[in-house]
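# Fold the following, please.
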Amino acid sequence: MGSLALSRVAAQDPAPTITDEVARLARQDLAPLASAIDAGSVYPGDFLRRLGKVGAWSSHVPQEGPADLRWAIQSMAALGEVCGATAFMAWCQNTLVWYVANSTNVKLAARFGNCFSSGRALGGTGLSNPMKSFFGIERLKLKGRKVDGGYIVRGALPWVSNLGPDHYFGTIFEREDEGTNGEPGSTVMFLADCSDPAITLTPCKPFLAMDGTGTYGVQFRDVFVPDELILAEPAAPFVRKIRAGFILLQVGMGLGLMKDCINIMDEVHAPLGHVNRYLPQQPVQFRELYAEFEKEAMTLASDPYNADDSYWRRVVALRLRLGDASVAVAHAAMLHCGARGYLMSHRAQRRLREAYFVAIVTPATKQLRKMLADG
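This next block holds a predicted model:
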């Protein structure tokens, strides 16, 4: 089925078309690349663009007001079942689309909306530091000042993923030309263009896992950001609008990883079940937990603009439980595999390393707990 025909069907009911096609591509084309992506020798840019052609980055774009994240989460889960790193990059791309789709900057939306949602251009989120800042954990690392036609921005972000020399990402700076007596100025959210010569991408030191995710340190050296690249000013109300979607879209990473770890335990049942039955955690327990998480995620994802505090707490609680469960199920899969899972050639050890990322990617387990405690 061609991408145009697929998108027409998806507009009516995207679940059985987009998600199934993403799953097929994951099994067929992504699986052979997973180890190389994990090791950092491959960044799957071409594969991410192919996913855009089948609608993977457009299913959650708001349609005349409402937005529905369910198919995006299911597609990311299909990717995560094969490769956690690619599921993470899918989250980066989907979140970038989410930013633009919710911006009231008409010129920006017209220029970049279809460009990002179709996969013609790729990019990342850049909100790790700002999300920590809004919840009192860090100070904003980027500073900006108003000039004719835009802003001049300086500073550095230590980690931004799914980047390359022709990529974009959304992030936030604090206005240094405002604020008095030590009080911070207002905040502005914008699109950063990695092709700008005043922006420098520096490769990060090797990670425990997922090195092929296009993750860089980003230096802004008096970058001119024109008004046409402003996503929201002020940024805080915009972040409040998109924050549930930002977090819910991460659920696909955890669900995919959980499903494969359950599969791993099932795969070794025949040769090792006679002794694995003595382990305290069994696949049946995780299947029940998976079903619970999936049901809650689908309920919450159908209403991402819900402004009720109770809804927000459910989003945060789900994300917290999913991070804890990802580590637990990957740990159980390793124990069920025994020595064979300890081989670098076995995916069980990769899933364990990826699981820790689900627990520490912003908002990390400790930040989620703080958010719930702060109310």
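# how far away is the residue of the chain most remote from its centre from V268?
Going by CA atoms, centre = their mean, the residue of the chain most distant from its centre is H274, 38.8 Å out. Distance of H274 to V268, computed by CB to CB, to the nearest Å: 11 Å. Backbone N, C-alpha and C define where each C-beta goes, glycine included.
# Which helix or strand contains the residue farthest from the centre of the chain?
When elements are defined using DSSP states H and E, H274 is found to belong to helix 269-276.
# can you check L368 too?
Assigned by DSSP H and E, L368 falls in helix 365-374.
# Pull that helix out as PDB, backbone CA atoms only.
Taking C-alpha atoms only, helix 365-374 is exported to PDB below (Å, rounded to 0.1, in the frame of the first residue of the first chain):
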ATOM      1  CA  THR A 365      11.900   8.400  38.500                       C
ATOM      2  CA  LYS A 366      13.100  10.800  41.200                       C
ATOM      3  CA  GLN A 367      11.600  13.800  39.500                       C
ATOM      4  CA  LEU A 368       8.300  12.100  39.000                       C
ATOM      5  CA  ARG A 369       8.300  11.200  42.700                       C
ATOM      6  CA  LYS A 370       9.000  14.900  43.500                       C
ATOM      7  CA  MET A 371       6.200  16.100  41.200                       C
ATOM      8  CA  LEU A 372       3.700  13.800  43.000                       C
ATOM      9  CA  ALA A 373       5.000  14.900  46.400                       C
ATOM     10  CA  ASP A 374       4.800  18.600  45.600                       C
END
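# Other residues contacting that helix?
Applying CB atoms under 8 Å, 6 or more residues apart in numbering, the external contacts of helix 365-374 come out as 131-132, 135-137, 313, 316-317, 319-320, 323-324, 359, 363.
# which pair in those spans the largest distance?
For these, the farthest-apart pair by CB to CB is G136 and D324; their separation is 22.7 Å.
# which ones are touching Q281?
Q281 neighbours (CB under 8 Å, 6+ apart): A328, V329, A332, L335.
# try G185
Per CB under 8 Å, 6+ apart, neighbours of G185: E174, R175, E176, D177, E178, G179.
# any idea how far the first one lies from G126?
Between E174 and G126 the distance is 14 Å, computed by CB to CB.
# Looking at those two, which one has more neighbours?
Higher neighbour count among E174 and G126: G126, with 28 against 22, using other CB atoms under 10 Å.
# Would you list the phi and psi of that one?
The phi/psi pair for G126 (degrees, to the nearest 10) reads phi 70, psi 20.
# excluding its backbone neighbours, what's nearest it?
T171 (3.3 Å; CB to CB, 6 or more residues apart in numbering).
# The host helix or strand of that neighbour packs against which elements?
Assigned by DSSP H and E, T171 belongs to strand 168-175. Using 3 or more CB pairs under 8 Å, 6 or more residues apart in numbering; DSSP states H and E, the elements in contact with strand 168-175 are helix 84-102, strand 123-124, helix 128-134, strand 142-147, strand 150-160, strand 187-193.
# please redo it, this time with the cut-off set to 6 Å
Packing partners of strand 168-175 (3 or more CB pairs under 6 Å, 6 or more residues apart in numbering; DSSP states H and E): strand 123-124, strand 142-147, strand 187-193.
# Provide a list of residues in contact with I262.
Residues in contact with I262 (CB atoms under 6 Å, 6 or more residues apart in numbering) are P283, F286, R287.
# tell me the contacts of the last one?
Yep, that's R287 we're talking about. Counting by CB under 6 Å, 6+ apart, the residues that R287 touches are I262.
# State the pLDDT value of it.
Looking at R287, its pLDDT reads 98.
# so which strand or helix has it?
helix 283-301.
# returning to what we had before: in the contacts of G185, which residue is surrounded by the most others?
E174 (22 neighbours).
# List the beta-bridge partners for that one.
When bridges are called by DSSP bridges, E174 pairs up with K143, T187.
# Where does the prediction get shaky in the stretch 51-200 of the chain?
179-183 (pLDDT under 70).
# Identify each buried residue in the helix holding H274, please.
Buried residues in helix 269-276, counting neighbours by 16 or more other CB atoms under 10 Å, are found at L272, N276.
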